[in-house]
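Student: Please work out how this folds:
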Amino acid sequence: MNFTLYDTTGAIRIHGQAPRESIDLMLIDDYPDCAWLEGDYSADTHCVVDGQVTPRTPVPHRLDGAQLSGLPSPCEVHFGGATYRIDGGSVDLAFDAVGTYRVVLRSAPRHLDTTVEVQG
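Tutor: So this is what the prediction gives:
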């Protein structure tokens, strides 16, 4: 039987093929905080929302100059070797020098890491 185990956040923890009895044992012994569903889905491309497998999508955002808005909560913004946790849905970015900066947005498990280029 193809299976996917997922945790309370909807993140897929493990997937593959096993007899039903083995899946039940994994839930008890190794993944007590997880539930399972039938089907083989990868955490790289999917998550589980309200018990339904859902494709992960890029992090929603709007870029206006150096302001990112419309971010999901929570969201992590990575740039310049630092990580910032954003809970308010927007952030004004500041840079030390003029240039183009790569900014990575993370909001797992529902969204794929998304890279945006920002002019600073």
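Student: and the spatially closest residue to Asp113 that is not a sequence neighbour, what is it in contact with?
Tutor: Leaving aside its sequence neighbours, Asp113 sits nearest to Arg106 (CB to CB, 6 or more residues apart in numbering; 5.3 Å). Any C-beta I mention is one placed from the backbone N, CA and C, and that applies to glycine too. Going by CB atoms under 8 Å, 6 or more residues apart in numbering, Arg106 touches 59, 75-76, 78, 113-114.
Student: And the contacts of the helix or strand harbouring Leu27?
Tutor: In this assignment (DSSP states H and E), Leu27 forms part of helix 20-29. Residues outside helix 20-29 that contact it (CB under 8 Å, 6+ apart): 1, 3, 5, 14, 18, 34-36.
Student: avg pLDDT for it?
Tutor: Mean per-residue pLDDT for helix 20-29: 94.
Student: C-terminal to that helix, which secondary structure element comes first?
Tutor: strand 35-38.
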